[in-house]
Structure formats: C-alpha cells, structure tokens
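A.B. asks: coordinates for the following, if possible.
(chains A and B)
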Number of protein chains: 2
Amino acid sequence: MYPNILRHPGPTPIPKKVLQAMNQDMISHRSEEFVRLYRETTNRVKPIFGTIQDILLLPSGGTAALEAAAVNTVSPGEEVVVITVGAFGDYFVSICEKYGFHVHKLEKAWGEACREEDLTEFLKPLSNIKAVFATYNETSTGVLNPIDKLAHVVHTCSDALFIVDGVSCIGGAPAEMDQWGIDILVTGSQKAMMLPPGLALLSISDKAWKVIEENKTPSYYLNLLSYREWASKGMTPNTPAVSLIYGLSAVCDLIDAEGGFSQTVARHDLMKNMVRAAMKALSIGLLTSDEVASPTITAIRTPEGIDLSSFIGHLKQKYHLDFAGGLGHLQGKVFRFGHMGYCFPSDILEAVSLMEAGLQDFSYSFDPGAGVKAAQNVFLAAHRK
Amino acid sequence: MYPNILRHPGPTPIPKKVLQAMNQDMISHRSEEFVRLYRETTNRVKPIFGTIQDILLLPSGGTAALEAAAVNTVSPGEEVVVITVGAFGDYFVSICEKYGFHVHKLEKAWGEACREEDLTEFLKPLSNIKAVFATYNETSTGVLNPIDKLAHVVHTCSDALFIVDGVSCIGGAPAEMDQWGIDILVTGSQKAMMLPPGLALLSISDKAWKVIEENKTPSYYLNLLSYREWASKGMTPNTPAVSLIYGLSAVCDLIDAEGGFSQTVARHDLMKNMVRAAMKALSIGLLTSDEVASPTITAIRTPEGIDLSSFIGHLKQKYHLDFAGGLGHLQGKVFRFGHMGYCFPSDILEAVSLMEAGLQDFSYSFDPGAGVKAAQNVFLAAHRK
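C.D. replies: Okay, the predicted model is just below:
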C-alpha cells in the first residue's frame, strides 16, 4: 500500500509518461516505423551528451558499453591509464586487466576527485598511452570528477583517447562531449535517464572512430563498427530494446517540457545543494567536499552514535524510505542518497523529513526541523534568483 | 487507428497482462524484493527449459548470451562443430570465427534440417571437438532441427559439449534440456517468450560448468561464472532488466493459466498445422517438409505469378498485416509467417483471411475461402480430440 520511496543511485523511479510510452505494441526493428523512432530519438539525445556525433544504443547495461569502449579501442598489451576514485573506477581497472591491457592506475582516496595537476603529474613519465579512462561521477562516493579539465590535460599531455564512464550522471550533469574533448562517452538508462535498466547509450568522436577502425575487436556483440554500420540505416545490428527506445523518446519530451536540458541540470544542482545544506544543519558529515560533490548522489556519513545498518533498515521498514548503503570499505560508514532523474526538490524535502523522523526514533541529538528548514532555504533562494 | 498485425519472428506481440506487470515501480536490484522476484521467476522458467539447473538472466539480446556460451567454453584455436541450416547458423559460425575457434561447419541446404546420420557421419573423422553448436529453430527457414536426436549423437560420438541456440522457439517448442543432454540452452525474451527485447535466458549443465570453470574467458560482461556467483544470492552481477523480469513472472502466470507449458506447446503445434494446411489448400509452396517444420515460424514460397515485395508491402499497407521477408538468398523467394508467443488459432484465421484478400487483389487464381477452410478444419479436428 505505501509506496517505496526509492532514493537509490539506480534503478531510479520511472515517470508515468515514460511507462505509458513503453506500454506500446511491438514493432519490427526492421520497419520504417522503427527507423523513424530510432533516428528521431537518438537525435534528441545529442544535446544531453553535448555532441553532434551519432548516439549509439546497445541493448545492454552500461557495463557492457564500457567494455565495448575498452575492447574496441585498445588491444592486449597496450598501455592505458585508469583514473579511479572509488568502486566503479576499480571496476574499470578490472575490465582492462581482464583484457590484458597494461594498466597504469591513477588512484585517489575514496571521497576525493582527481584534479588536473594529479593527471598532469601522472602522465608526465608515461608515453604510448592508448587511452585514459575516467568515471565522470563516482557512484560509490558521490564525487564528480572535473571531466572538462581532465579532458584538456589528456589532449595536452598525450595522444591518448579520453574515455568516460558517465553512467551515473549523464542526464543530470552538464556534458559537452565535443567541446571538452571526450572521445567516448557512455551512459546507462536506469540512472539520471529516468528509464528502466537495459539500454546503454554511447557516443564516439571522429578520433576514436579512426582508432576503432584499426582495432581488431575480439568481440561480436560489442563490435562498435557493426553498430555504426547499422546506425547509418537507422537500425541496430541485433534486436534492440524497442520499448526502452519508446521510453527514451518520452524522456526527451519531459526534458523539453522542463524548459530544455539546462533546466534539468539546474534542478539536479539545486537538489544536491538542498541535501548538503540539510545534512550540515543536522551536523551529519558528508564524505566529499562541496567543490567535487555529485549532482546525482550524495554519500553521507553515519550520524554520530547510530548503528548505520539498523538506521537504514528502520527508515525502509517504518517510513518506506529506501537509501543505498556504502560500497567496499565504506560499508557501514556511509549511506548514499540518490537524487537523480525523476526526482524533484519536493522529494528532497520529503526524504529529509522522514530521515529526521528516523533520527528522532534513534534519539539522535538535533533540533527537529533543522534539516528541512535548511533545504527549504536553499530551495527558496534558488527561486528568488 | 488500425492495429498492426505483427506476424513476425520477433519482436512479437506483448500480452496486456505482461505490459501491466512491467508497468511497476522500480526496485533496487540489491533488495530483498528483487531477490524474491528473481528466485521465484527463474524457478518458474525451469519447466520451459526442461531443466533442474538454474536459469541465468542476462540484460541483453539473445546474441550476447550465445556469444557468452561460446567464449566461456571454448578458447581460441580449439575445435568446434557448428551445424548450420540457415542464416542464424551462419551467424554462429561468424561468432566462433571471430574468436579464433577452429570451426568445422556442418552445412545443410536452406530449408532442410540436420539429420542424426548427417551428424554421425560428420563427427566420425573428427576428434578433440570441444563443443557442437546447433540452432534448435532456424528462424530464416522455419526448420526445427531434431535437437533431441542430435544431442544423443553428440554424446555418443564425442566428449563435446552440446550448445543450443533456442532463441526463436523456446517457450513454444518442447524442450527437455536435462533429459536430452543439452549442455547450454539459450533463448531471448522477444520471441515465443512474449516479452519485449532485452533479456536473455540461459541454462547450463554440470558438465558445461566444469568446462567453464577451467576456461579463461576474455570477457567481463559475458562472464558466466560471475552470473552463477550472483545467482546463488538471487541477484545478477550488474543491474538487471528489472521490468522484463516483472514481465517474465507474468508470462509464467499466463502459461499456468493456459493449463501448463505442455498446452502452450500444443497450441504452437496446432498453429503450425493450420498455417501449413492453409497454404497447401491455396497451392502455395512451403519451404520445408512437414517433418522438420517449425512450430513458431513458417517460410512460405512466393505465390505463383506474384511479385513478393509488392505483395508483402500491399498486405501491410492495405490490411495492416505485417509478414517478414526472406533473409539472404531467400530474399524475394519466401516470406515468413510468425506464429509464436502471444498468438492464437484465431490469429491464424485472421491472417490467412487477410492474405486471401490480398491474393484476390493480385488476381491470384484460387478458390477464395479455401485457405481459411483448411485452417478451420485443422483447428476443429484438434478440438474434437
């Protein structure tokens, strides 16, 4: 009866209009209707990526598209740099190692971002780097790497491709793929894109295509040249996730209705600021500094004197408020508050209110209402502008 | 306004109850709700595969799962036999060649099946075969290979694994994976399983798991050991296609409501017989003999004196009847009438009637109503039993 208030980093809530759009009769993926749907929809996604390149759609999770980006550009034994600031950066290291790439790992403490100077220093002694991989938004820590600046460093200090995992922020964070110099940008459907899981989106620069054309990809399903060939005809090599493409078209309608993608980005920024102000007002620690904070997810430290696992369980059971726990060595130390996709300032006020109720149940010492008030103030200030 | 009558080999029509089931709020793929959904649903799919083994769910097309079956069991340079009787068998050959397997191709003319004796003869001079691959149902020709008999030959004449592409028939054709001796059976969601595209299902024998455990899979997303590890906890390694799993649960409800899976299989057999009887009554050729005919799709030869591409286009435009064309060298020579998944005898009567109307428009010489009458007779005879 009570709705589950899903404040996770994904899957995230699906708008009713998107569900309705997906709820259509199937069409053949070799029909004119499909070609029209595919072309129109992928064109409408381009501003979200900040690109004039084609958007390719893979019927898979974001991970598969990241793996595609790796195996289509790099061959076993070749050197790559992987910037890792958390669990999903480490995940990318595993993918590269699995394929026998020679990996140089630029690692930062969990909760920190990779700065320009870190990458500049790191690249200095290296040559022959085929690609630099980075996560734009590290889901495990709520860190947004300064991807525009890192792109600049990559292209200034090397000839490498810059390949970016944008899975947990594209659709909620600004992206100017072409202008910044991202060579491959990847995202998934189930995060800020407001869709169920099962569709990966990626776009590829001319420079990366040249590398891909010369690469001997040991993969069939993940062969990007085959996706490009079919995309030129408005189709996909295998049966695509037709219903998710219907849904993606409705997502584009919703973003238009919000006043364009810049408004969507501004909403995410506002929600981030509301959450952070609330936690500060409640004297609850944040894992990251404001400068590197993610617009889509916030990692929050355990409130003092509280057992985190009981607290999270209690919020879910009593208030149907569903936060995500910490990953890796942050398990039991932080929880994660997702605020991406189909999420609004009102949802932040609701979640902070319920969290305060839970804190009272756990006899946490605070001024009830203080968190909500702080979030409200950020909200009101944004509207006064 | 007019509904499109989709008589394709997939995507196929989706039942409303399945659409409604998919139309639910998202849940976290790391939650107890998900574990319950995953375990219950995969258990209910086992009878459709005829197995007591786990059913693994990949968030991908069937092709990716076929590729997973190949790369998890065979290493570059090792010898395999691929039985190909059409376009999708050839496709499997390409996958194996891409990965550098030494492929022995057992090829039959398009429209024919691979017989027991063909495989026995073929295997005789070979040794060290790691795996034999076969398509159960060849979508391009509407041939159902005698997979039970071929399994017997594989295990009698070799130590190879028997890996079966069941993409276009599982859910509509009988399958006794364990009893017959299939080592890996793969299917996709968008054919006889009555779901949108985006979910692959596969199951693996103990013998195949032993091989997989020793294989160095050069793949991350397609690593089956990782799927097995997570499946033991009722989860998947990456974000799964949650809505399709909701839908799959509803598909199992519908099969139960039909009276169990044997009834579903019987319905497919009946529809096949209705289509074939109708075409014979209209003096229109069938590509395959009755003995090897697919229960899910029928390849029909061009009616005499008619230009096939105009005829198919006319049926679609005037009557909204959507048949699939021929593939490869059968393009322009056959069209394909899909009768799988959410398709009933009434749909066959409807499609045959509309096809007859189209034949009249093209001044084809026949006795109007003859096709429908023949299909009706098959239908009535089945109900009299």
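A.B. asks: residues of the stretch 1-150 of chain A that sit close to chain B?
C.D. replies: A:3-4, A:6, A:8, A:10-14, A:19, A:22-23, A:25-31, A:59-64, A:67, A:94-95, A:98-100 (C-beta under 8 Å from any C-beta of the partner chain). Any C-beta I mention is one placed from the backbone N, CA and C, and that applies to glycine too.
A.B. asks: so which of the residues you listed are in helices?
C.D. replies: A:19, A:22, A:62-64, A:67, A:94-95, A:98 (DSSP state H).
A.B. asks: which residues of the stretch 101-250 of chain A fall in strands?
C.D. replies: Along the stretch 101-250 of chain A, counting by DSSP state E, counting those that start in this stretch, strands occupy A:102-107, A:129-135, A:137-138, A:143-144, A:161-165, A:184-188, A:200-204.
A.B. asks: can I get these in CSV including mean neighbour count and mean pLDDT?
C.D. replies: Compiled in CSV, these are given as follows (neighbours: other C-beta atoms under 10 Å in any protein chain shown; pLDDT from 0 to 100):
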stretch, mean neighbour count, mean pLDDT
strand A:102-107, 17, 98
strand A:129-135, 26, 98
strand A:137-138, 32, 98
strand A:143-144, 26, 98
strand A:161-165, 28, 98
strand A:184-188, 31, 98
strand A:200-204, 27, 98
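A.B. asks: can you list those strands in TSV and add distance to residue B:368?
C.D. replies: TSV is the format used below for those (distance: least, C-beta to C-beta, whole Å):
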stretch	distance to residue B:368
strand A:102-107	70
strand A:129-135	65
strand A:137-138	64
strand A:143-144	68
strand A:161-165	61
strand A:184-188	53
strand A:200-204	50
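A.B. asks: nearest to residue B:75, out of the ones you listed?
C.D. replies: Closest approach to residue B:75 among those is made by strand A:102-107 (21.9 Å; C-beta to C-beta).
A.B. asks: what helices and strands are in contact with the closest one?
C.D. replies: Under the contact criterion of 3 or more C-beta pairs under 8 Å, 6 or more residues apart in numbering or on different chains; DSSP states H and E, the helices and strands touching strand A:102-107 comprise strand A:79-84, helix A:87-98, helix A:116-123.
A.B. asks: and if we set it to 10 Å?
C.D. replies: When contacts are defined as 3 or more C-beta pairs under 10 Å, 6 or more residues apart in numbering or on different chains; DSSP states H and E, strand A:102-107 packs onto strand A:79-84, helix A:87-98, helix A:116-123, strand A:129-135.
A.B. asks: just name the most buried of these.
C.D. replies: Scoring those by mean neighbour count under mean count of other C-beta atoms under 10 Å in any protein chain shown gives strand A:129-135 as the most buried, with a mean of 26.
A.B. asks: what residues of stretch A:19-36 count as buried?
C.D. replies: Under the neighbour-count criterion of 16 or more other C-beta atoms under 10 Å in any protein chain shown, stretch A:19-36 has A:19, A:21-23, A:26-29, A:31, A:34 buried.
A.B. asks: rebuild those residues as TSV, extending it with pLDDT.
C.D. replies: Formatted as TSV, the buried residues of stretch A:19-36 follow (pLDDT from 0 to 100):
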residue	pLDDT
A:19	94
A:21	95
A:22	94
A:23	91
A:26	90
A:27	93
A:28	93
A:29	94
A:31	93
A:34	96
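A.B. asks: rounded mean pLDDT for the helix or strand containing residue A:279, please.
C.D. replies: Element membership for residue A:279, per DSSP states H and E: helix A:261-281. On average, the pLDDT along helix A:261-281 is 98.
A.B. asks: how far out from the middle of the chain is that helix?
C.D. replies: Taking C-alpha atoms, centre = their mean, to the nearest Å, one finds helix A:261-281 lying 16 Å from the centre of the chain it belongs to.
A.B. asks: send the alpha carbons of that helix over as CSV?
C.D. replies: Taking C-alpha atoms only, helix A:261-281 is exported to CSV below (Å, rounded to 0.1, in the frame of the first residue of the first chain):
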residue,chain,number,x,y,z
PHE,A,261,18.3,20.2,-20.7
SER,A,262,20.0,23.2,-19.0
GLN,A,263,16.9,23.4,-16.6
THR,A,264,17.2,19.7,-15.9
VAL,A,265,20.9,20.2,-15.0
ALA,A,266,20.0,23.2,-12.8
ARG,A,267,17.4,21.1,-10.9
HIS,A,268,20.0,18.4,-10.1
ASP,A,269,22.4,21.1,-8.9
LEU,A,270,19.7,22.5,-6.7
MET,A,271,18.8,19.1,-5.2
LYS,A,272,22.4,18.4,-4.4
ASN,A,273,22.7,21.8,-2.6
MET,A,274,19.5,21.1,-0.7
VAL,A,275,20.7,17.7,0.5
ARG,A,276,24.1,19.0,1.6
ALA,A,277,22.6,22.0,3.4
ALA,A,278,20.2,19.7,5.3
MET,A,279,23.0,17.3,6.4
LYS,A,280,25.2,20.2,7.5
ALA,A,281,22.3,21.7,9.6
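A.B. asks: which residues of the stretch 201-350 of chain A lie near chain B?
C.D. replies: A:216-223, A:236-247, A:316, A:322-325, A:338, A:341-342 (C-beta under 10 Å from any C-beta of the partner chain).
A.B. asks: in helices, which of those fall?
C.D. replies: A:242-247, A:316.
A.B. asks: quick one: which of the residues you listed is nearest chain B?
C.D. replies: Using C-beta to the nearest C-beta, residue A:243 is the member of those that lies nearest chain B, at 4.2 Å.
A.B. asks: one step back: which strands or helices does the helix holding residue A:279 pack on?
C.D. replies: helix A:32-49, helix A:242-257, strand A:297-301, strand A:334-338, helix A:345-361, helix A:370-384.
A.B. asks: now it: buried residues?
C.D. replies: Buried residues in helix A:261-281 (16+ other C-beta under 10 Å): A:261, A:264-265, A:267-279, A:281.
A.B. asks: just to revisit the earlier point, switch the ones in helices among the residues of the stretch 1-150 of chain A next to chain B over to a markdown table; also include distance to residue B:365.
C.D. replies: Putting those into a markdown table (distance: C-beta to C-beta, whole Å) gives the following:
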| residue | distance to residue B:365 |
| --- | --- |
| A:19 | 50 |
| A:22 | 45 |
| A:62 | 57 |
| A:63 | 58 |
| A:64 | 53 |
| A:67 | 57 |
| A:94 | 66 |
| A:95 | 62 |
| A:98 | 63 |
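A.B. asks: so which pair among the residues you listed is furthest apart in space?
C.D. replies: Among those, A:19 and A:98 lie farthest apart (C-beta to C-beta), at 36.2 Å.
A.B. asks: circling back: of the ones in helices among the residues of the stretch 1-150 of chain A next to chain B, closest to residue B:176?
C.D. replies: residue A:64 (31.7 Å).
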